[in-house]
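**Q** For reference, the sequence and a predicted model appear below.
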Amino acid sequence: MTYCIYCNLDFDPRGPSLVFNFLKGMTLLSHLPPPFNPQVTGGSSGIGKSIAMECYRQGAFITLVARDESKLVQAKKEVEKCAINDKQVVLCISVDVSKDYRQVESVIKQCQEKLGPVDMLVNCAGTSFSGKFEEVEVERFRSMMEVNYLGSVYPTRAVITTMKERRMGRILFISSQAGQIGLFGYTAYSPSKFALRGLAESLQMEMKPYNIYVTVAYPPDTDTPGLAEENRTKPLETRLISETSGVTQPEQVAKIVVKDAVQGNFNSSVGPDGYMLSALTCGMSPVTSITEGLQQIVTMGLFRTIALFYLGSFDSIVRRCMIQREQAKAADKRE
Ligand SMILES: NC(=O)C1=CN([C@@H]2O[C@H](COP(=O)(O)OP(=O)(O)OC[C@H]3O[C@@H](n4cnc5c(N)ncnc54)[C@H](OP(=O)(O)O)[C@@H]3O)[C@@H](O)[C@H]2O)C=CC1
Ligand SMILES: CCCCCCCCCCCCCCCC(=O)[C@@H](N)CO
């Protein structure tokens, strides 16, 4: 038995029976009240910029974090156009979120002094790369983990203490559908996005009693400068497989993920494929509403059946591309 400092009662930290905890785990959440003060890493481009604009439209104070100062200044102007009152401010910080933790911590501290405590951290700084495993430079495996994984750990670590003290906060991680399934061409990228899920699940279990809610978003291909860059090296197989989920607009992704983060939902998915993937890969991830839990239970078998068809078609794409390449090679030799 342990003595509880909050309620002055002798109590057992394991709590009551599993059945009771099952119901308690799904307690309804309180929304983050506006105006909130989000810090958006990767806020100078693509999905991050759209998220900043979406928050600004809801009356938020924003901090944009990225490396390139000219892109930050341009994004600040675009975000400011979405203002709904004249008290709102956009602050820009130029820092590499993946390299030096001390530096990340110090700039975040400075900006909290100016704008007050961050109550929502959006980890969107990231980069993608696709290519065949044996053709990906070895250094790339490390840089992906640095930017996409450590680049989310560092800012989170820098804001969490204040959030815990204030008993309030939201942490949003932008993973990807490629963080739910491993696909041809994503041997360097996918693991860095899967890693965010492990981080998010562990962090959520630690933070829940402090009223801090963690959200992981899994967008499909989204029309951004980052995607255009990735498409320059994308293998045919990766392109054909990704087409299954189509291309979304960053504004649509932003609307969905901001709503989910404000509500405190753990999973945030975009589109019907995204919904199926999230239900199918829910595993032991936290559940944030009774409806969500029931939907997962009821749909699991059906979605796995559908998934087997998808997997079959992906394998067939890979096989056909290989045959096509070998035939082209043989024809080249004959000439
Ligand atoms: N577009 C897509 O199809 C999808 C994207 N995602 C994920 O969403 C996130 C955003 O993607 P997208 O909008 O396409 O990307 P963009 O390339 O358009 O934008 C990336 C942003 O991150 C910043 N950034 C990159 N590296 C660092 C760094 N080391 N330190 C600080 N800031 C950095 C960039 O600014 P700067 O270079 O100046 O630092 C820029 O603001 C990524 O994590 C990506 O993996 C997920 C699913 C689909
Ligand atoms: C029931 C089962 C349903 C299965 C649906 C499967 C759909 C697979 C499509 C995967 C698309 C991967 C997008 C990666 C986006 C990304 O992160 C990069 N573009 C970043 O730039």
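**A** Noted; the coordinates are in hand. Numbers count the residues shown, from 1 in each chain. Ligands and ions are numbered 1, 2, ... in the order given.
**Q** CA atoms for contacts and neighbours, from now on please.
**A** Fine.
**Q** Kindly report the residues of this structure close to ligand 2.
**A** The chain comes close to ligand 2 at residues 128, 176-178, 220-221, 226-227, 242, 244-245, 273, 276-277, 303, 306-307, as judged by CA under 6 Å from any ligand atom.
**Q** Now the buried members of those.
**A** Using 16 or more other CA atoms under 10 Å as the burial test, the residues of the chain next to ligand 2 include 128, 176-178, 220-221, 226-227, 242, 245, 276-277, 303 as buried.
**Q** what about this protein, any weak spots by pLDDT?
**A** For the chain, applying pLDDT under 70 flags the ranges 1-11, 16-30, 34-35.
**Q** Which stretches in it count as strands?
**A** 2-3, 10-11, 38-41, 62-66, 90-94, 120-123, 169-174, 212-218, 267-269 (DSSP state E).
**Q** and the closest residue to Y149 other than its chain neighbours, how far is that from ligand 1?
**A** Leaving aside its chain neighbours, Y149 sits nearest to S192 (5.6 Å; criterion: CA to CA, 6 or more residues apart in numbering). From S192 over to ligand 1 the distance is 9 Å, taken as CA to the nearest ligand atom, to the nearest Å.
**Q** count of neighbours near S192?
**A** Counted by other CA atoms under 10 Å, the residues lying close to S192 total 27.
**Q** need the strands of the chain in CSV with distance to V318 and mean neighbour count, can you?
**A** Shown next, in CSV, are the strands of the chain (distance: least, CA to CA, whole Å; neighbours: other CA atoms under 10 Å):
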stretch, distance to V318, mean neighbour count
strand 2-3, 57, 10
strand 10-11, 57, 12
strand 38-41, 35, 27
strand 62-66, 36, 26
strand 90-94, 41, 19
strand 120-123, 33, 27
strand 169-174, 28, 27
strand 212-218, 24, 27
strand 267-269, 26, 24
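**Q** Among those, which comes closest to ligand 1?
**A** Among those, the nearest to ligand 1 by CA to the nearest ligand atom is strand 62-66 (3.5 Å).
**Q** Packing partners of that closest one?
**A** Applying 3 or more CA pairs under 8 Å, 6 or more residues apart in numbering; DSSP states H and E, one finds that strand 62-66 contacts strand 38-41, helix 46-57, helix 69-80, strand 90-94.
**Q** dump the residue contacts of the residue nearest to D273 when sequence neighbours are not counted.
**A** Spatial nearest neighbour of D273, chain neighbours left out: S245 (6.2 Å); criterion: CA to CA, 6+ apart. By CA atoms under 8 Å, 6 or more residues apart in numbering, S245 lies in contact with 220-221, 273-274.
**Q** Much appreciated, bye for now.
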